[in-house]
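**Student:** give me a 3D structure for the following:
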Amino acid sequence: LNTTYINYEQAVFGDGTYYGDASGGMYSEYPTIRRVGVGIAFLKPNLNQLLWGAKFPLPGKIQTVPRGELYALYFVTMCASEGAQIEFVTDNLKTCESFNKGYQHTLNSANADLYRLTFGNIQMKHLIVTVRWMQSHLTEDDELPAGVTRRDVEGNKYADEQAGKAASRASSSKQQQAA
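**Tutor:** Next comes the predicted model:
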């Protein structure tokens with residue numbers, strides 16, 4: 001992966017809460033030229049500030065935002081330390097619901113390959129993973145839904161920003177290749 005980090009030296013992938021997001025960028029509505037970017041954010045302990053972040057283009061020919069959202073979860077489990085306890089927060093309800101229904105349920109998903117790899121990482125590394133959904137694009141002024149914190153709003157915002165930047169870079173790269 002062509003991964004770019006903010007504060008790379010802090011990216012440990014141990015216990016904690018990770019925020020993931022994906023963006024189809026400016027060509028999101030055009031499947032043939034859409035290039036999805038993926039963003040990950042990890043906040044400083046007890047603060048609503050970014051400790052480290054990562055962004056990268058979604059690999060492969062299938063370029064859908066839901067696949068990018070799931071790829072964020074896969075990436076975290078792939079990089080996670082043995083035995084890590086991970087809470088993954090996504091603003092993609094389908095990813096959250098499918099994961100929480102379990103491995104057998106995901107075998108019928110359009111992204112079954114990524115679910116298989118994700119659950120394989122969890123089993124192989126003895127990870128404890130919970131996936132939680134939150135509404136996207138909440139602001140500091142919004143009334144928060146049950147179970148969503150200001151920290152979640154900031155984490156989602158950082159992941160969303162990284163995903164958008166990755167999508168822009170991937171789209172620009174695709175345009176240059178076509179020229």
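**Student:** from now on I want contacts and neighbour counts done on CA atoms only, so please keep to that.
**Tutor:** Noted.
**Student:** so which residues of the protein form helices?
**Tutor:** Remark: helices assigned in the chain by DSSP state H are 65-79, 93-101, 103-106, 112-125, 150-178.
**Student:** between these, which one is nearest to Glu87?
**Tutor:** Nearest to Glu87, of all the helices of the chain, is helix 65-79, at 9.9 Å by CA to CA.
**Student:** flag every buried residue along that closest one.
**Tutor:** Neighbour counts over helix 65-79 (16 or more other CA atoms under 10 Å) mark 65-78 as buried.
**Student:** okay, these in TSV with distance to Ser23 and pLDDT next?
**Tutor:** Formatted as TSV, those follow (distance: CA to CA, whole Å; pLDDT from 0 to 100):
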residue	distance to Ser23	pLDDT
Val65	6	95
Pro66	9	96
Arg67	10	97
Gly68	8	97
Glu69	8	97
Leu70	12	98
Tyr71	12	98
Ala72	11	98
Leu73	14	98
Tyr74	16	98
Phe75	16	98
Val76	17	98
Thr77	20	98
Met78	21	98
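**Student:** closest one of those to Thr130?
**Tutor:** Leu73 (10.4 Å).
**Student:** now this structure, which segments are flagged as low pLDDT?
**Tutor:** Flagging of the chain using pLDDT under 70 yields the residue ranges 172-179.
**Student:** can you tell me how far Asp152 is from Phe88?
**Tutor:** Plainly put, Asp152 is 11 Å away from Phe88 if you go by CA to CA, to the nearest Å.
**Student:** can you list residues touching both of those two?
**Tutor:** Residues touching both Asp152 and Phe88 by CA atoms under 8 Å, 6 or more residues apart in numbering: Tyr19.
**Student:** rewinding a little: mind putting the buried residues of helix 65-79 into CSV with distance to Asp113?
**Tutor:** Below are the buried residues of helix 65-79 laid out as CSV (distance: CA to CA, whole Å):
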residue, distance to Asp113
Val65, 16
Pro66, 13
Arg67, 10
Gly68, 13
Glu69, 14
Leu70, 11
Tyr71, 10
Ala72, 14
Leu73, 13
Tyr74, 11
Phe75, 13
Val76, 16
Thr77, 14
Met78, 14
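**Student:** let me know the closest of these to Phe42.
**Tutor:** Val76 (10.6 Å).
**Student:** leaving out chain neighbours, which residue sits closest to the closest one?
**Tutor:** Phe13 (7.1 Å; CA to CA, 6 or more residues apart in numbering).
**Student:** residue contacts, the one you found?
**Tutor:** 76, 79-81, 84.
**Student:** please apply the same query to Val129.
**Tutor:** 85-88, 122.
**Student:** please tell me how far it sits from Leu70.
**Tutor:** Distance from Val129 to Leu70, by CA to CA: 14 Å.
**Student:** same deal with Glu143?
**Tutor:** On the measure of CA to CA, Glu143 and Leu70 end up 27 Å apart.
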